[in-house]
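# Here is a sequence with its predicted model. Questions after.
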Amino acid sequence: MNDMAPTREQREANLEGMGCKRKRVEDVRFTQGKGNYVDDLKLPGMLHGDFVRSPYPHARVVSINTEAALKVPGVLAVLTAEDLKGVNLAWMPTLAGDVQMVLADGKVLYQNQEVAFVVATDRYAADDGINAVEVEYEQLDVVIDPFTAMAPDAPVLREDLAGKTEGAHGPRKHHNHVFEWTVGDRELTDAAFAKADVTIKEMLSYHRTHPSPLETCQCVCSFDKIRGELSIWGTFQAPHVIRTVVALIAKIPEHKIHVIAPDIGGGFGNKVGAYPGYICAAVATIVTGKPVKWVEDRIENLTTTSFARDYHMTTEIAATREGKVTGLRVHVLADHGAFDACADPSKWPAGFFNIVTGSYDFPTAHVAVDGVYTNKAPGGVAYRCSFRVTEAAYCIERGMDILAQKLGMDPAELRLKNFIKPEQFPYHSALGWEYDSGDYQTAMKKMMETVDYAGLRKEQSEKREAFKRGETREIMGLGVSFFTEIVGAGPSKNCDILGIAMFDSCEIRMHPTGAGIARVGSKSQGQGHETTWAQIIATEIGIPADDIMVEEGNTDTAPYGLGTYGSRSTPVAGAAIAMAARKIKAKAQMIAAYKLEVHEGDLEWDIDGFRVKGLPEKTMSMKDICWAAYNSVPPGMEPGLEAVSYYDPPNMTYPFGAYICVMEIDVDTGVYKIRRFYALDDCGTRINPMIIEGQVHGGLTEAFAIAMGQEIRYDETGNVITGSFMDFFMPTAVETPHWETDFTVTPSPHHPIGAKGVGESPNVGGVPAFSNAVNDAFSFLGSTHIQMPHDFWRNWKAAKDLGALG
Ligand code: PCD
Ligand SMILES: [Cu+]
């Protein structure tokens, strides 16, 4: 036996706490095919439900005949809107204060909209049943282009809203208008433009796209008639919210609803909202008395569940001749599809788009957003960018490049000149946010030095000369992006979902032997919470991360939480975890003091336990304290060692980063090569550097996809023409560039451990970096802005339009 006591370093390392590249504990089961996803669930007697969907984007439903379908072997029921009306569920509320049809009620408003729900003994029988349902449609004129949605003679899409001049977010100007949202000072901004030396104006479109997680949306619903209880297993990013929504609309007492989100195969915002499939499966289990499973296929997922973006941003910047920005004015036309089903905190119809002043010190700004209805799928989810932040970052980062071009200044230099300075934090932006912390100059300079920015610019100008001389057909672009994110929704003063404040929660229970369980209101979809949450607790209370089990996603056991999206888990749930751990530690200190026969104040914390100040050999480890908590607590104290925390964040957190993309484009084919992509992220205190790197890799890959080709596109008659992975760009390792990551650390001053979110940052910062690279490459040929996505064809077309093809 070795009597050597472990060194401080060994004790520290043994914890695998914050800052440690701890291996992901969930991967033990994921990499061995032992994950437990919704579709793995097979209950006795389980039925399968599937949808009859509309081939037309806008049509009256004249009749639905289910007779033949009900005769198909295995088919047990066919639900239509008429059946749902009996239980008041033909329509459902959306997260954005609108209502949405569960099944077509009189008309359909987008292609593949849900018309009837066929329930059968297996999926094949359900499919046969679908083919036997006879629906008679009468086609109507469509609205696809959002710019024509508010034309005086545009077809009326939402007949249910006819004559309603007030929407969920104020007055409506037109029958296809959803809302107008304005923020900032219009007069001051107009005045800044009136006296500006230089102004730019450009319509920047951020096209419609889709998060398309590997696992589609799905659920299993099972109603126990005897107990009157409904169990729902589903792909939910916010299980508690789903439970509350079901309680409110199905009128089942909330404690008799069990919502369980098992392992999830990626969410990316797609699994925040409620979809008709959930409602229909729940109604079907009540009607049939059997469990009902609903699993989307890829086409259904891409064409009907929440899209992302579709923001068309007319962007204007005012500046002095020397390049100091003096005003920002943005008008957004937001295409919300057939129903406003955006997933944003209630008071924010355009999310946090007012982060659009970005990393720059704008004295004044004004934003107006008009939402319109069109014949497209509803939604409007984040897709890795909390609440319209990626649209905002794209807007300002393209805008700054366009301004630099007009001023004849270097885009990096223009940014450095306008950054909010370190001493200005906490910084009040012209559009109402309070940025918690930042050091933009340091991050930008680190990026520029690492990639030899000056050298790259020199190479670029040489290449341009060579191109002009006809010696090469390749053009080179440098895409600089410096973004400020806003994550951690959010403070109860301005953030709620359906009236519930956006706090988050954690409950920690330590067992006698020094191991414990932490239950958290967040829900991992692949982020690795089982790994990182235990690391926070390990550092806070000195118990090895391996001895803490993290559990999420079961509404019966987890404390109420608002779920995982908008990179809110670290800023909000992460804070709740630290606070709960600190409550454990405070009680532990009282127990230790009693056992060591000293006053509490005489103790100090030391890695994994308490020691008496000045008497370093008198110690009590946290592990021993756990044991004592169950047999010898001080007189008057309750036994046990557990704590709960509900954390209402005082502010958002503002991660930031400096990205650069070096690209080469062959003008004759439009084919691009990404030579280098460097991403520096600052997310404050880093919990697990390896997980952060993985998050950045994933987010950059999605940013690459979106900027370079991924799009949900409709033809002019309203057909979705990118409804499968044949046409919807899903990059694999073959197309994906190599990512270089880096970091600086500027802790959040208000977060208990100083951490900010990071999961979304690479998408927010990545998209403008790619787009700026393409635009920078073409700029010397006389272009100011080329719309995304920058696929080979568009690059070739740009070259052609600019006369570069000779
Ligand atoms: N400082 C720091 C931060 C962070 N972290 C880490 O990292 C992660 C992340 O985090 P965050 O940022 O906080 O976030 P969250 O909340 O958790 O999550 C969310 C996100 O996440 C991301 N990522 C991911 N991954 C995966 N794998 N999957 C998925 O699905 C996903 N998704 C995506 C999205 S989209 Mo939205 O929903 O759109 O709004 S939002 C989002 C985790 O684990 C954590 O812990 C660390 O470490 N440190
Ligand atoms: Cu967004």
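Perfect, thanks for sending it. The shown structure was predicted, so the numbers you read here are calculated from the model rather than taken from an experiment. Ligands and ions are numbered 1, 2, ... in the order given.
# lowest-pLDDT helix or strand in this protein?
Least confident element among the helices and strands of the chain, by mean pLDDT, DSSP states H and E: strand 379-381 (a mean of 87).
# With just CA atoms, put whichever helix or strand comes after it into PDB.
Following strand 379-381 in sequence order, the next helix or strand is helix 389-407 (DSSP states H and E). The C-alpha coordinates for helix 389-407 follow below in PDB (Å, rounded to 0.1, in the frame of the first residue of the first chain):
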ATOM      1  CA  VAL A 389     -29.200  37.100 -33.800                       C
ATOM      2  CA  THR A 390     -27.600  35.600 -36.800                       C
ATOM      3  CA  GLU A 391     -29.700  37.700 -39.100                       C
ATOM      4  CA  ALA A 392     -28.600  40.800 -37.100                       C
ATOM      5  CA  ALA A 393     -25.000  39.800 -37.200                       C
ATOM      6  CA  TYR A 394     -25.200  39.100 -40.900                       C
ATOM      7  CA  CYS A 395     -26.800  42.500 -41.400                       C
ATOM      8  CA  ILE A 396     -24.200  44.500 -39.500                       C
ATOM      9  CA  GLU A 397     -21.200  42.500 -40.600                       C
ATOM     10  CA  ARG A 398     -22.100  42.800 -44.300                       C
ATOM     11  CA  GLY A 399     -23.000  46.400 -43.800                       C
ATOM     12  CA  MET A 400     -19.600  47.200 -42.300                       C
ATOM     13  CA  ASP A 401     -17.800  45.600 -45.200                       C
ATOM     14  CA  ILE A 402     -19.900  47.500 -47.700                       C
ATOM     15  CA  LEU A 403     -19.200  50.800 -45.800                       C
ATOM     16  CA  ALA A 404     -15.500  50.000 -45.800                       C
ATOM     17  CA  GLN A 405     -15.600  49.400 -49.600                       C
ATOM     18  CA  LYS A 406     -17.300  52.700 -50.100                       C
ATOM     19  CA  LEU A 407     -14.800  54.500 -47.900                       C
END
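# Give me the helices and strands touching the next helix or strand after helix 389-407, please.
Using DSSP H and E, the helix or strand that follows helix 389-407 towards the C-terminus is helix 411-418. The contact analysis (3 or more Cβ pairs under 8 Å, 6 or more residues apart in numbering; DSSP states H and E) places helix 411-418 against helix 389-407, helix 440-451, strand 474-484. From N, CA and C alone the C-beta is placed, and that goes for glycine too.
# helices and strands around the least confident helix or strand of the chain, which ones?
With contacts taken as 3+ Cβ pairs under 8 Å, 6+ apart, strand 379-381 sits against strand 307-319.
# Need the per-residue pLDDT for Pro3.
Actually, residue 3 is Asp rather than Pro. What the model reports as pLDDT for Asp3 is 65.
# For Ser63, which non-adjacent residue is spatially closest?
Residue nearest to Ser63 in three dimensions, not counting chain neighbours: Glu136, with 4.6 Å by Cβ to Cβ, 6 or more residues apart in numbering.
# Rounded mean pLDDT for whichever helix or strand that neighbour is part of, please.
According to DSSP H and E, Glu136 maps onto strand 134-139. For strand 134-139, mean pLDDT rounds to 98.
# residue contacts, Pro747?
437, 684-685, 754-755 (Cβ atoms under 8 Å, 6 or more residues apart in numbering).
# With mean neighbour count, distance to ligand 1 and mean pLDDT as added columns, please give the helices and strands packed on helix 411-418 in a markdown table.
Below are the helices and strands packed on helix 411-418 laid out as a markdown table (neighbours: other Cβ atoms under 10 Å; distance: least, Cβ to the nearest ligand atom, whole Å; pLDDT from 0 to 100):
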| stretch | mean neighbour count | distance to ligand 1 | mean pLDDT |
| --- | --- | --- | --- |
| helix 389-407 | 26 | 9 | 98 |
| helix 440-451 | 18 | 15 | 98 |
| strand 474-484 | 26 | 14 | 98 |
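# With distance to ligand 2 added, can I get those in JSON lines?
Below are the helices and strands packed on helix 411-418 laid out as JSON lines (distance: least, Cβ to the ion, whole Å):
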{"stretch": "helix 389-407", "distance to ligand 2": "5"}
{"stretch": "helix 440-451", "distance to ligand 2": "22"}
{"stretch": "strand 474-484", "distance to ligand 2": "13"}
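# Which one, of the ones you listed, ends up nearest to Gly609?
Gly609 lies closest, by Cβ to Cβ, to one member of those: helix 440-451, at 37.3 Å.
# May I have that closest one exported as CSV, CA atoms only?
Taking Å, rounded to 0.1, in the frame of the first residue of the first chain, the C-alpha atoms of helix 440-451 are listed here in CSV:
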residue,chain,number,x,y,z
TYR,A,440,-12.9,43.4,-28.8
GLN,A,441,-9.6,44.9,-29.7
THR,A,442,-7.6,42.1,-28.1
ALA,A,443,-9.6,39.4,-29.9
MET,A,444,-9.4,41.2,-33.3
LYS,A,445,-5.7,41.8,-33.0
LYS,A,446,-5.0,38.2,-32.0
MET,A,447,-6.9,37.0,-35.1
MET,A,448,-5.1,39.4,-37.4
GLU,A,449,-1.7,38.4,-36.0
THR,A,450,-2.3,34.7,-36.1
VAL,A,451,-3.4,34.7,-39.7
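# which residues touch it?
Residues contacting helix 440-451 (Cβ under 8 Å, 6+ apart): 359, 412, 415-416, 419-422, 453-454, 482, 656-660, 662, 676, 678, 680, 682, 742, 744.
# among those residues, which are in helices?
412, 415-416, 453-454 (DSSP state H).
# which of the residues you listed count as buried?
Among the ones in helices among the contacts of helix 440-451, those classed as buried by 16 or more other Cβ atoms under 10 Å are 412, 415-416, 453.
# before we move on, back to that, return the members of the contacts of helix 440-451 classed as buried.
Here, 16+ other Cβ under 10 Å leaves 359, 412, 415-416, 419-420, 453, 482, 656-660, 662, 678, 680, 682, 742, 744 buried among those.
# what about Tyr427, neighbour count?
19 (other Cβ atoms under 10 Å).
# Nearest residue to it in space, please, no chain neighbours.
Tyr435 is the one closest to Tyr427 (Cβ to Cβ, 6+ apart), at 4.2 Å.
# before we move on, what about Glu134?
Nearest residue to Glu134 in three dimensions, chain neighbours excluded: Asn65, at 4.1 Å (Cβ to Cβ, 6+ apart).
# What separation is there between Gly766 and Gly479?
10 Å (Cβ to Cβ, to the nearest Å).
# What count of nearby residues applies to Phe729?
Neighbour tally, Phe729, other Cβ under 10 Å: 17.
# mind listing what it touches?
705, 708-711, 789, 791 are the contacts of Phe729 under Cβ under 8 Å, 6+ apart.
# Export these to a markdown table and append columns for pLDDT and neighbour count.
Formatted as a markdown table, the contacts of Phe729 follow (pLDDT from 0 to 100; neighbours: other Cβ atoms under 10 Å):
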| residue | pLDDT | neighbour count |
| --- | --- | --- |
| Ala705 | 98 | 24 |
| Met708 | 98 | 26 |
| Gly709 | 96 | 22 |
| Gln710 | 97 | 23 |
| Glu711 | 98 | 20 |
| Pro789 | 98 | 22 |
| Asp791 | 97 | 18 |
